[in-house]
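S.K.: Sequence plus the predicted model coming up.
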Amino acid sequence: MAEQPRTVGGASRPHPRITGAATLWDLVERRAAASPDVPMLLDPDDRVFTFRQIRDWAERVAAGYHALGIGAGTRVTWQLPTRIESVVVSLALARLGAVQNPVIPFYREKEVGFCLRQTRAEVFLTPGTWRGFDFGAMGAALAAEMAEPPRVMAAYDTLPDGAPAALPPAPVDGGDVRWLYYTSGTTSDPKGVRHTDGTLLAGGEALAAALAMTPSDVGSMAFPYAHIAGPNYLNTVLMTGFPAVVVEFFDPATAIPVYRRLGVTMVGGSTAFYLAFLAEQRKQPGERIIPSLRIVSGGGAPKPPELFREVREELGAVLCHGYGMTEVPQICQGAPTDTEDQLTHSEGAPAPGLDVRIVRADGSLAAPGEEGEVRLRGPIVFRGYTDPALNAEAFDADGFYRTGDLGMLRPDGHLALTGRLKDIIIRKGENISAREIEDLLFTHPAVADVAVIGLPDPERGERVCAVVERAAGEADLELDGMVAHLRAAGLMLQKIPEQLEVVDALPRNDTLRKVLKYRLRETYAGAAWGPGV
């Protein structure tokens, strides 16, 4: 007998869409009142917590943290995996009005140390040892090097507990900057992105409106909760009132049976996730791997147009791709009600309230259907960088954020991306700075010069390729040596190039001898690569 999906949605109890919440905690309170006994978060261990239970748990944890000296304005960096406890920690800190700096668990000493120093973190929450890496030891070592070290505390299975009656009033101003997210850009150091409850709520509201989920749906969160997509999706859950399955580490072979058992109706993350689901489906053609699935959604990386058809025909779902970034969590989003052409050839309609300009190189506005730089202004846009020196270049004279992305507004109002101005690589939804990797590789004795580029890749969106100019008198750098060198420098694993090419000389122009990266992309985009090639 076929396995039957477990029903966890709220089909028999329609719940109102919540809009206009002043703060994240206000949204939590309003949803707990509207849907107290409806499941909110589930996990592979069959744990189920309702909206009221999550609210109550977060209040107790907030009281526990308050007793430890954490309160309004306390700067807390947390580096936690995607699990129910991590959501509770972030909600508890939101209840206190702390300033949160979520850090993706893949980051290591170099990036984490930068975040701790620049935010002047007072507390660093870690999962202890997770997936074989001791985050607590890393935090202690980093703290020992700082003049004003943070307290390093574990936050995994055991969270502090206290009496909610002892809590001070919850924050009421959604315009205060209480979220700091870091993203790699065109500079070697990460950029700190300042968000408010209001900007994150606006992003979640845009996603909720586009996807039109209902309480009878069951969502899923397999991407890092510490990513900007984390609060975007959480706010959508709270606004709409549907439950979500939280997966600590995404592995299709183990996640899909859980999704099937719990009746998940929406999955996603990025192009790499779409391909992972398709790969699993192709192992058993003719039998849908998730019979309840109706929407595949995500963003963060280029989407090949043919994926829409493959998802529809093989997974039996509609692919709703979107466009966002750390600075503007929800720019566009495809909707299930969009046409096939819109879902195939655009990133969706712009979020409500977001002003989108397409600007030519000369600064004038592009016509409909004409390519230019995408610039944005509105309630979802971040409140500037932690380094004020970056803001003048980031915003134009009219206050529009310069995305550095190229695109066009179609006649139907949907946005189609066509390329990027910035020299960043988007690998599996994560921005990777070429300059950061180049600076680290340049210190290797076998490297005379180096250029790091992104190349089209069907699985990753883009893969990272390092093109190294040989150093006289040195043996050629090999892939294993490059990986070891970068890991020793503390670079996160996701940034390490998959491809290494060694050349006699990098192509340069005739004036300032600038490396011509476009030539490298042309050379290696279609070339065979991989071990033994």
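M.R.: In hand now; what should we look at? Predicted model, so just to flag it, every value in this text is computed and none were measured. Residues are numbered from 1 along each chain as shown.
S.K.: Going by C-alpha atoms from here, please, whenever you check contacts or count neighbours.
M.R.: Noted.
S.K.: Endpoints of stretch 260-274, how far apart?
M.R.: In stretch 260-274, first residue to last residue: 16 Å (C-alpha to C-alpha, to the nearest Å).
S.K.: pLDDT of that stretch, averaged?
M.R.: On average, the pLDDT along stretch 260-274 is 90.
S.K.: before we move on, what about stretch 240-248?
M.R.: On average, stretch 240-248 scores 96.
S.K.: Tabulate the CA atom coordinates of that stretch in CSV.
M.R.: Listed next in CSV are the C-alpha coordinates belonging to stretch 240-248 (Å, rounded to 0.1, in the frame of the first residue of the first chain):
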residue,chain,number,x,y,z
THR,A,240,-0.4,33.2,5.8
GLY,A,241,-0.8,30.7,8.6
PHE,A,242,0.6,27.6,6.9
PRO,A,243,3.1,25.1,8.4
ALA,A,244,6.6,24.5,7.2
VAL,A,245,8.9,21.5,7.5
VAL,A,246,12.3,22.5,8.7
VAL,A,247,15.3,20.5,7.5
GLU,A,248,18.6,21.0,9.2
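S.K.: How about residues contacting that stretch?
M.R.: 8-10, 15-18, 31, 35, 38-44, 81-84, 208, 213-222, 237, 255, 259, 264 (C-alpha atoms under 8 Å, 6 or more residues apart in numbering).
S.K.: the helices in the stretch 301-450 of the chain, which residues?
M.R.: 306-310, 340-345, 391-394, 434-441 (DSSP state H, counting those that start in this stretch).
S.K.: what about Ala121, distance to Trp78?
M.R.: 10 Å.
S.K.: And these two? Which one has more around it.
M.R.: Set Ala121 next to Trp78 and count neighbours by other C-alpha atoms under 10 Å: Trp78 wins out with 28 against 22.
S.K.: Beta-bridge partners for the more buried one, please?
M.R.: On DSSP bridges, the residues paired with Trp78 through beta bridges are Pro102, Leu125.
S.K.: re the thing from before, list buried residues within the contacts of stretch 240-248.
M.R.: Buried members of the contacts of stretch 240-248, scored by 16 or more other C-alpha atoms under 10 Å, are 8-10, 15, 17-18, 31, 35, 38-44, 81-84, 208, 213-222, 237, 255, 259, 264.
S.K.: So which of those residues sit within helices?
M.R.: 31, 84, 208, 237, 255, 259 (DSSP state H).
S.K.: which one of those residues sits closest to Gln342?
M.R.: Ala208 (18.6 Å; C-alpha to C-alpha).
S.K.: pLDDT score assigned to the closest residue to the closest one other than its chain neighbours?
M.R.: Excluding its sequence neighbours, the residue lying closest to Ala208 (C-alpha to C-alpha, 6 or more residues apart in numbering) is Thr236, at 5.0 Å. Thr236 carries a pLDDT value of 97.
S.K.: now swap in His345 and tell me
M.R.: 90.
S.K.: how far away is the nearest residue to it once chain neighbours are set aside from Gly413?
M.R.: Among residues not flanking His345 along the chain, Pro305 sits closest, at 6.1 Å (C-alpha to C-alpha, 6+ apart). With distances taken as C-alpha to C-alpha, Pro305 is found 18 Å from Gly413.
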